[in-house]
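Engineer: okay, here's the prediction I keep looking at, along with the sequence it came from:
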Amino acid sequence: MFNVAVLRLKDIVKYIICIFVLILLIFSITNYFSGAKKNTQEVTQKVENVTNQLSSHSLLSCLDATLPVVASINRNDEKEKEKLSENDILKSMLETQISSIDEIQNMKEISEDVETENTEEEQNIELAETGITTEVVTNNPIAENYNTQYGNVKIKNQTDYQLTEEMLTPDITIENKNIMIFHTHSCESYTSSEAYPYTPTGNYRTTDLNFTVTRVGTELTTQLQQYGYNVIHDTSYHDYPSYNGSYTSSLKTVESLLQTNPSDIIIDLHRDAIGSRSDYAPTVKIGDEEAAQIMFVIGTNAGGLWHPNWNQNLKFAIKIQEKAEELYPGLFKPIMLTTSRYNQHTGKYANIIEVGATGNTLEQCLTSMKYLAKVMDEIMK
């Protein structure tokens, strides 16, 4: 019994030792292969790092990593580059600032030049003086034709109305001093001159409004504005492409303008018709200047059209012409009172003003506007 038990105990010990050795062997093998894998991973990582460095760095960077002397030289070069770069940036910023200052200065100079030009233009607008010798100097004049007179104002009355003292007395007060200027016959032109040559597109007509009565309207507008008046100047064509229907066309313009620019003084600026003499040039000499004579044409309701304002319009014309005879005698020809209405029912002081005739030059008509504006200011201020 005893011997059997001993044998079995030895077997057990043997088995245990075998198992322990086997475990130790397995552990050793495992550690061996784990270390190899780790080394492989480390090598792989190093290769990747080198590859990344090669791909992301230049040859100088690689040399920096291997040769300290090269690295030192490169660092010095980089410092110099940084200094140069900073200098370039500062220089660029300075140049930009200088450029901006120069540009601002140039803009300021341009603005000053424009203001100077505008000031010079304003200074070049010469206003009329008074106390100047005036005389009519028309060559081959047409005899004045009038049948009514109020003081120094002569009137050619073409109607059947008997003009009484009450109807002629200019006892009006001008409250609304807004002024509207337009042209029923926008293309009426004058005798071409050296100062204003133009190519006619009709018999003393041109579609170039720089050489027509429209340009005269611009001059009157400019002159009146110098005295502080609010002036609306419409330069629409009303007689082009068709001359017929001009007054119908201009009436639409006036009615439209009155909706936004209420005005009592409405001037339809014309040139006198050709008549029988195309060389007719009614002229007055004021000081050393030659100016075209001016004529009022005042419509009435004698033709049967509704026109309650005609007597007011006549009084306005008489008031202006009375002052003109005082300041510049001969500037106006006799007022023409007609049976037609001429759209003058649109305002309390609506009228036609004819400036010069076909024989006058544009410069003579422009000169007239300087003196007309002065006269108008005298009665309205």
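Structural biologist: Sure thing, it's come through. Keep in mind it's a predicted model, so treat the numbers as computed, not measured.
Engineer: what's the mean pLDDT across stretch 283-303?
Structural biologist: Taken as a whole, stretch 283-303 has a mean pLDDT of 98.
Engineer: where does the stretch 201-350 of the chain dip in pLDDT?
Structural biologist: 275-276 (pLDDT under 70).
Engineer: just the strands from the chain, written as ranges.
Structural biologist: Secondary structure of the chain (DSSP state E): strands located at 134-136, 148-150, 153-157, 179-182, 231-233, 265-270, 283-286, 289-292, 294-298, 335-337, 349-355.
Engineer: make CSV out of the ones you listed and add mean neighbour count and distance to residue 381.
Structural biologist: C-beta: built from backbone N, CA, C; applies to glycine. Compiled in CSV, these are given as follows (neighbours: other CB atoms under 10 Å; distance: least, CB to CB, whole Å):
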stretch, mean neighbour count, distance to residue 381
strand 134-136, 14, 21
strand 148-150, 16, 23
strand 153-157, 20, 21
strand 179-182, 23, 13
strand 231-233, 19, 15
strand 265-270, 25, 14
strand 283-286, 22, 21
strand 289-292, 23, 22
strand 294-298, 23, 20
strand 335-337, 22, 23
strand 349-355, 24, 16
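Engineer: and of the ones you listed, who's closest to residue 211?
Structural biologist: Among those, strand 349-355 comes nearest to residue 211, with 13.7 Å by CB to CB.
Engineer: before we move on, back to that, closest one to residue 362 among the strands of the chain?
Structural biologist: strand 289-292 (9.2 Å).
Engineer: next one: that closest one to chain centre, how far?
Structural biologist: Mean-position distance between strand 289-292 and its chain equals 33 Å (CA atoms, centre = their mean, to the nearest Å).
Engineer: outside of that strand itself, which residues are in contact with it?
Structural biologist: 137, 281-285, 331, 355-357, 360, 364-365, 367-368, 370-371 (CB atoms under 8 Å, 6 or more residues apart in numbering).
Engineer: sheet-wise, list the partners of that strand with their directions.
Structural biologist: Sheet pairing of strand 289-292 (DSSP bridges) gives strand 283-286 (antiparallel).
Engineer: what about the helices in the stretch 51-200 of the chain?
Structural biologist: For the stretch 51-200 of the chain, applying DSSP state H, counting those that start in this stretch gives helices covering 59-66, 68-124, 165-168.
Engineer: repeat that for the stretch 201-350 of the chain.
Structural biologist: 213-226, 246-260, 310-327.
Engineer: give the buried residues for the second one.
Structural biologist: Of the residues in helix 246-260, those buried under the neighbour-count criterion (16 or more other CB atoms under 10 Å) are 246-247, 249-251, 253-254, 257-258.
Engineer: same deal with the last one?
Structural biologist: Neighbour counts over helix 310-327 (16+ other CB under 10 Å) mark 310-325, 327 as buried.
Engineer: against residue 128, how distant is the nearest residue to residue 361 once chain neighbours are set aside?
Structural biologist: Spatially, and ignoring its direct neighbours in sequence, residue 361 is nearest to residue 193 (4.2 Å; CB to CB, 6 or more residues apart in numbering). Between residue 193 and residue 128 the computed distance is 22 Å (CB to CB, to the nearest Å).
Engineer: same check on residue 236?
Structural biologist: Residue 236 is 28 Å from residue 128, by CB to CB.
Engineer: of the two, who's got more company?
Structural biologist: Just comparing residue 236 and residue 128: by other CB atoms under 10 Å the higher neighbour count belongs to residue 128, 22 against 16.
Engineer: check contacts around that one.
Structural biologist: Contacts of residue 128 by CB under 8 Å, 6+ apart are 370-371, 373-374.
Engineer: if you rank those by neighbours, which is first?
Structural biologist: Neighbour tally across these (other CB under 10 Å): the maximum, 25 neighbours, falls on residue 371.
Engineer: so residue 343 sits against residue 252, correct?
Structural biologist: No. Taking CB atoms under 8 Å as the definition, residue 343 is not a contact partner of residue 252, at 9.9 Å.
Engineer: roughly how far does the residue nearest to residue 171 when sequence neighbours are not counted sit from residue 150?
Structural biologist: Leaving aside its chain neighbours, residue 171 sits nearest to residue 315 (7.1 Å; criterion: CB to CB, 6+ apart). The gap separating residue 315 from residue 150 is 10 Å, by CB to CB.
Engineer: same check, this time on residue 200
Structural biologist: Residue 200 is 39 Å from residue 150, by CB to CB.
Engineer: returning to that earlier point: closest one to residue 12 among the strands of the chain?
Structural biologist: Closest among the strands of the chain, using CB to CB: strand 231-233, at 130.6 Å.
Engineer: residues touching that closest one, excluding its own?
Structural biologist: 178-182, 217-218, 220-221, 224-225, 257, 261, 263.
Engineer: try it again at 10 Å.
Structural biologist: By CB atoms under 10 Å, 6 or more residues apart in numbering, the residues outside strand 231-233 that reach it are 177-183, 214, 217-225, 257-258, 260-261, 263, 265-267, 269, 373.
Engineer: list the buried residues of stretch 217-233.
Structural biologist: Here stretch 217-233 shows 217-224, 226-227, 229, 231-233 as buried, counting by 16+ other CB under 10 Å.
Engineer: closest one of these to residue 24?
Structural biologist: Using CB to CB, the buried residues of stretch 217-233 come closest to residue 24 at residue 232, 117.4 Å.
Engineer: quick one: the closest one from residue 265, how far?
Structural biologist: Counting by CB to CB, the gap from residue 232 to residue 265 is 10 Å.
Engineer: same question for residue 317.
Structural biologist: Distance, residue 317 to residue 265, using CB to CB: 11 Å.
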